[in-house]
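Enquirer: Here's a sequence, model it:
(2 chains)
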Amino acid sequence: MKLAVTLKINGESYELLVEPKKTLLDVLREDLGLTGTKKGCDQGDCGACTVLLHGKPVNSCLVLAVEAAGQEITTVEGLAQGDRLHPLQESFIRHGAMQCGYCTPGMLLSAKALLDKNPHPSRREVKEAIAGNLCRCTGYVKIIDAILEVPK
Amino acid sequence: MKSFQYHAPHSLAEVCRLLLDHGVQARVLAGGTDLLVKIKQRIIEPEHLIALGRIEGLRYIRKDDKKIRIGALTPLQEIATSEVIRQKIPILAEAAEKVGSMQIRNRGTLGGNVCNASPAADTVPSLICLEATAAITGRGGERELPVEDLFVSPGKVNLQPGEIVTEIVVPVPNGNHKGIYLKLGRRKAMDIAIVGVGGLGCFEKGRFESIRIALASVAATPIRAKRAEEILKKQRVDSGRVLLAASEAASECQPISDVRGSASYREQMVKVLVEQAIRSIM
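Expert: A predicted model of the protein is given here:
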């Protein structure tokens, strides 16, 4: 039996009917067409599905959509303001911090959460912040460089 | 995932009633970082999920005179970064921040880490060293149980039908105590402990006035290394005694071989890490 839930995503409200077992990840991608958030392992190990709940990074594959009601959800689609990219996105481009791009939305959000709380992190703090985001392509160095460059 | 009925009660009484009504078909949902994984992997397939998120007053860290009380629904990241925990019982913050990743710690709760009853649970050795107790609520009322006595077997806690853990209570050790939690793993994050060692003690003038050592991932439940503790207590402790205690701790564990390590490797690593832990709190 479906349940009614209102989700606030990137500042907008969406009213939905969802099955309780549906994860926030699946609702974002399938019900709302917000495919920026990626499905990797679907069990909280890779971080590709990272979104921010009240500014805190979580694995959306482990959050039931019905549990996310009433919380401020930020996805990668919420980073750019129209045509203006977020400084993190610009830095990632400048540094070549993407290859296939699949980990990138999760990386951006974990990084945003870090910089919002700690505007001048050390290299180590950046590594700790993205420890839950796996990348199979880049070897992480350019991602870390890109994140460290933003405060400058 | 297999479908389930989702309940979002607003009171503990309702939770207990739902648990009693649905028995083994029901599971409690806190942060979901263990439960939902198990459901996705078909390890369990509950028909009813009882979500705790709408119950007020289960998420807090409070210090009164001699104790720190932590609500069962407090996320691990809050515990890892809490000023009062880092100052008074840092061994618990040290353990909490080693769980999973930021994403996991922002949802996973202390009550969940404990009640999921994995022998590898990172917060448990620290809680055992700290002599923490669990406050339990059921239809019959409330009771307290030392965290050390909560574990029956992998995945099984010592709770009656209809009971849940609502709070973890930690007596604050006196200022001369030092503690450490060591987690052996192949990565610095996102790993389940191959071996976990918690040590807490008061070392003065060459002797341990008190010492507690607890081990994760090396038995069917988290365990205390009581014989190792006895070797260290109330007499002068030199290098030889430390090694003796560490060897004894290794003989107290009953590890299995699994994908993360062989039993013999775990046994050897208990000896290494217990020695390290003891030295670091001397």
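Enquirer: which outside residues touch stretch B:142-162?
Expert: B:16-17, B:19-20, B:23, B:114-119, B:124, B:127-128, B:131-136, B:138-140, B:165, B:168-169, B:214, B:220-222, B:224 (CB atoms under 8 Å, 6 or more residues apart in numbering or on different chains). Just so you know, the C-beta spots here come from the backbone N, C-alpha and C atoms, and that holds for glycine as well.
Enquirer: Now, the residues you listed that are in helices?
Expert: With helices defined by DSSP state H, the entries of those inside them are B:16-17, B:19-20, B:114-115, B:124, B:127-128.
Enquirer: Neighbour-wise, give me the winner out of those residues.
Expert: Using other CB atoms under 10 Å in any protein chain shown as the neighbour test, those are led by B:Leu127, with 30 neighbours.
Enquirer: residues contacting it?
Expert: B:Leu127 sits in contact with B:92, B:114, B:147, B:168, B:170, where contact means CB under 8 Å, 6+ apart.
Enquirer: Leaving aside the residues adjacent along the chain, what's closest to the residue of chain A found nearest chain B?
Expert: Scanning chain A for the residue nearest chain B gives A:Gly132, at 2.5 Å (criterion: CB to the nearest CB). In space, and not counting its chain neighbours, A:Gly132 is closest to B:Ser101: 2.5 Å by CB to CB, 6 or more residues apart in numbering or on different chains.
Enquirer: Distance of the one you found relative to B:Met1?
Expert: Separation of B:Ser101 from B:Met1 (CB to CB, to the nearest Å): 22 Å.
Enquirer: For those two, indicate the residue with more neighbours.
Expert: B:Ser101 (28 against 17).
Enquirer: Show the backbone phi and psi for that one.
Expert: phi -140, psi 180 (degrees, to the nearest 10).
Enquirer: so who does it touch?
Expert: B:Ser101 makes contact with A:47, A:131-133, B:189-190, according to CB under 8 Å, 6+ apart.
Enquirer: Could you look up the next helix or strand downstream of the lengthiest helix in chain A?
Expert: Assignment by DSSP H gives helix A:104-117 as the longest helix of chain A. Once the chain leaves helix A:104-117, the next helix or strand it forms, by DSSP states H and E, is helix A:123-129.
Enquirer: can you give me the strands for the chain?
Expert: I went with chain A, as the question did not name one. Ranges of strands in chain A, per DSSP state E, are A:3-9, A:12-18, A:50-53, A:56-59, A:72-74.
Enquirer: nope, chain B please
Expert: Here chain B has its strands, by DSSP E, at B:5-7, B:26-29, B:48-51, B:61-63, B:67-71, B:133-138, B:141-146, B:151-153, B:156-157, B:164-171, B:177-184, B:195-204, B:207-216, B:223-224.
Enquirer: okay if I get these as JSON lines plus mean neighbour count and mean pLDDT?
Expert: Formatted as JSON lines, the strands of chain B follow (neighbours: other CB atoms under 10 Å in any protein chain shown; pLDDT from 0 to 100):
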{"stretch": "strand B:5-7", "mean neighbour count": "18", "mean pLDDT": "98"}
{"stretch": "strand B:26-29", "mean neighbour count": "21", "mean pLDDT": "98"}
{"stretch": "strand B:48-51", "mean neighbour count": "21", "mean pLDDT": "98"}
{"stretch": "strand B:61-63", "mean neighbour count": "15", "mean pLDDT": "98"}
{"stretch": "strand B:67-71", "mean neighbour count": "20", "mean pLDDT": "98"}
{"stretch": "strand B:133-138", "mean neighbour count": "21", "mean pLDDT": "98"}
{"stretch": "strand B:141-146", "mean neighbour count": "12", "mean pLDDT": "97"}
{"stretch": "strand B:151-153", "mean neighbour count": "16", "mean pLDDT": "97"}
{"stretch": "strand B:156-157", "mean neighbour count": "16", "mean pLDDT": "96"}
{"stretch": "strand B:164-171", "mean neighbour count": "21", "mean pLDDT": "98"}
{"stretch": "strand B:177-184", "mean neighbour count": "22", "mean pLDDT": "98"}
{"stretch": "strand B:195-204", "mean neighbour count": "24", "mean pLDDT": "97"}
{"stretch": "strand B:207-216", "mean neighbour count": "24", "mean pLDDT": "96"}
{"stretch": "strand B:223-224", "mean neighbour count": "20", "mean pLDDT": "98"}
